[in-house]
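**Student:** generate a structure from the sequence data that follows.
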Amino acid sequence: RKEHKLDQKMVQLPQHMFHVAIILAALLATKHTAVGGPARQYFLSTPHNTTVTAGHQARLACSVGNLAGTCQWTRDGFALGTNRNLPGFSRYLMAGDSEHVCDLSIDPVLPLDEGEYRCQVSGGHGVGPISSAPVTLSVNSEPGQPYI
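**Tutor:** Sure, this is the predicted structure:
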């Protein structure tokens, strides 16, 4: 047995276990699996059913670990595009402070934004695509003055 200093603690490990620990640490620091291929991408956060009042902002969460592809949102099965500014949808934006964060921001929300949304990530570099479960965005409208 050898003693190895890890995080300021002395740990006794058999020599072969120490080598396994070093290999696992190296794999965790990369985007590859033990068999040499790329690690799969996965969701760190996914959207949830959301209800928002018309005129306010809605934000549907989506962030991806080991991002290999490109984020895209769909509304009622229609792809909104991969550009973070979502041209053609002036109130829509793929918000986030890094490429791994693909939140969908809608500001202001209108009743026509109600529907089923899904965060999708294309495959790339030997990694398959992933898709979140569908979620529903519901929009409440403020009551107006009654009409007689």
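
**Student:** just the strands in the protein please.
**Tutor:** Applying DSSP state E to the chain gives strands spanning 2-6, 9-13, 42-45, 50-53, 58-60, 63-65, 71-75, 78-79, 92-95, 103-106, 115-121, 130-131, 135-140.

**Student:** tabulate the ones you listed (a markdown table), appending distance to Leu86 and mean pLDDT.
**Tutor:** Backbone N, C-alpha and C define where each C-beta goes, glycine included. Shown next, in a markdown table, are the strands of the chain (distance: least, Cβ to Cβ, whole Å; pLDDT from 0 to 100):
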| stretch | distance to Leu86 | mean pLDDT |
| --- | --- | --- |
| strand 2-6 | 46 | 48 |
| strand 9-13 | 49 | 49 |
| strand 42-45 | 19 | 98 |
| strand 50-53 | 18 | 98 |
| strand 58-60 | 13 | 98 |
| strand 63-65 | 17 | 97 |
| strand 71-75 | 8 | 98 |
| strand 78-79 | 10 | 97 |
| strand 92-95 | 4 | 97 |
| strand 103-106 | 8 | 98 |
| strand 115-121 | 13 | 98 |
| strand 130-131 | 18 | 98 |
| strand 135-140 | 15 | 98 |
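
**Student:** quick one, which of those gets closest to Ile148.
**Tutor:** strand 135-140 (23.6 Å; Cβ to Cβ).

**Student:** just to revisit the earlier point, could I get the strands of the chain as TSV with distance to Asn85 and mean neighbour count?
**Tutor:** Converted to TSV, these look like this (distance: least, Cβ to Cβ, whole Å; neighbours: other Cβ atoms under 10 Å):
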stretch	distance to Asn85	mean neighbour count
strand 2-6	46	11
strand 9-13	49	11
strand 42-45	21	14
strand 50-53	21	15
strand 58-60	16	20
strand 63-65	19	17
strand 71-75	13	21
strand 78-79	15	10
strand 92-95	6	19
strand 103-106	11	22
strand 115-121	17	21
strand 130-131	22	16
strand 135-140	20	16
